[in-house]
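>>> any chance you could fold what I've pasted below:
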Amino acid sequence: MTRNVGGIDRILRLVLGLALIGLNLAGVIGAWGWLGLVLAGTAAIGFCPLYPLIGLNTCPARKA
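Just a heads-up that it's a prediction; the model follows:
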């Protein structure tokens, strides 16, 4: 499992994920807010299982 989520992508996922969780806990949106856990989790580990399926990688290439 190699990283495929880059820096800006990770920040956006974390912010959006936490916002969705907060809105859910505040009762503003329904159960869809728990999808924020998925976004926050993929931001934390740096891997999105959907990306390899669609051929996407936002992680910059590492320089040797």
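>>> let me see the backbone angles for the residue lying closest to Ile29 once chain neighbours are set aside.
Nearest non-adjacent residue to Ile29, counting by Cβ to Cβ, 6 or more residues apart in numbering: Leu23, 4.8 Å away. Every C-beta, even on glycine, is put in place using the N, C-alpha and C of the backbone. Phi and psi for Leu23, reported as degrees, to the nearest 10, are phi -60, psi -40.
>>> and Ala19, how many neighbours?
14 (other Cβ atoms under 10 Å).
>>> tell me the SS of it?
Under DSSP: H, G, I helix; E, B strand; the rest coil, the three-state class of Ala19 is helix.
>>> pLDDT score assigned to it?
Looking at Ala19, its pLDDT is 97.
>>> what's it in contact with, if anything?
Gly36 (Cβ atoms under 8 Å, 6 or more residues apart in numbering).
>>> the residue nearest to the spatial centre of the chain is in what secondary structure piece?
Nearest to the geometric centre of the chain sits Leu39, at 3.2 Å (Cα atoms, centre = their mean). For Leu39, the host element (DSSP states H and E) is helix 35-45.
>>> just how off-centre is that helix within its chain?
Distance, stretch centre to chain centre, for helix 35-45: 4 Å (Cα atoms, centre = their mean, to the nearest Å).
>>> for the helix or strand just after it, buried residues please.
Using DSSP H and E, the helix or strand that directly follows helix 35-45 along the chain is helix 50-54. Residues of helix 50-54 classed as buried: Tyr51 (neighbour count, 16 or more other Cβ atoms under 10 Å).
>>> same question for stretch 19-34.
20-21, 24, 33.
>>> again, but for stretch 1-18
Residues 4-5, 9-10, 13-14, 17 are the ones in stretch 1-18 that count as buried (16+ other Cβ under 10 Å).
>>> which regions of the protein sit below the pLDDT cut-off?
In the predicted model of the chain, residues 62-64 satisfy pLDDT under 70.
>>> so which strand or helix has Arg10?
Arg10 is part of helix 7-25, with elements assigned from DSSP H and E.
>>> hang on, the earlier thing: which of the buried residues of stretch 1-18 sit farthest apart?
Asn4 and Gly17 (16.9 Å; Cβ to Cβ).
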